[in-house]
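Asker: Have a look at this fold, sequence not included:
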C-alpha cells in the first residue's frame, strides 16, 4: 500500500497559435501541444481573424473562440 499523498496536476494553457496547418497550445509547464487543424472543422473553416480571436477559459484549462462558438479543453488535446 502506498501511503504517499498524490497531488493531482492539471495542465493549463498560456498561449495559443492557430496556423494554416496546426493548432499549437503552449502550456504553463513548458510543453507545446501541436495538432492538425483538420481535427477541428470550425477552426479549419474560420477566417484568420476568427482563428486569432481566442481567449483562455477556466484559468487556462480551456480555449474559447467567440466568433465561431468553439471550445476546446487542454485535457482533451492531451488524450
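Answerer: Alright, I've got the coordinates. Predicted, not measured: the structure shown is a model, and the values here were computed from it.
Asker: Next up, the contacts around the closest residue to residue 29 other than its chain neighbours.
Answerer: In space, and not counting its chain neighbours, residue 29 is closest to residue 11: 6.7 Å by C-beta to C-beta, 6 or more residues apart in numbering. C-beta coordinates here come from the backbone N, C-alpha and C atoms, glycine included. Going by C-beta atoms under 8 Å, 6 or more residues apart in numbering, residue 11 touches 27, 28, 29, 31, 61, 74, 75, 78.
Asker: Could you measure from the fifth one over to residue 47?
Answerer: Residue 61 sits 26 Å away from residue 47, taking C-beta to C-beta, to the nearest Å as the criterion.
Asker: wait, what's in contact with the closest residue to residue 21 other than its chain neighbours?
Answerer: Distances taken as C-beta to C-beta, 6+ apart place residue 37 nearest to residue 21, at 6.1 Å, with adjacent residues excluded. Counting by C-beta under 8 Å, 6+ apart, residue 37 touches 18, 19, 20, 21, 22, 23, 43, 44.
Asker: let's see 6 Å
Answerer: Applying C-beta atoms under 6 Å, 6 or more residues apart in numbering, we find residue 37 in contact with 22, 23, 43, 44.
Asker: And stretch 68-79, how far out from the chain middle?
Answerer: Mean C-alpha position of stretch 68-79 versus that of the full chain (C-alpha atoms, centre = their mean, to the nearest Å) differs by 5 Å.
Asker: residues touching residue 46, list them.
Answerer: Neighbouring residues of residue 46 by C-beta under 6 Å, 6+ apart: residue 68.
Asker: cutoff 10 Å now
Answerer: By C-beta atoms under 10 Å, 6 or more residues apart in numbering, the residues touching residue 46 are 18, 37, 40, 52, 53, 65, 67, 68, 70.
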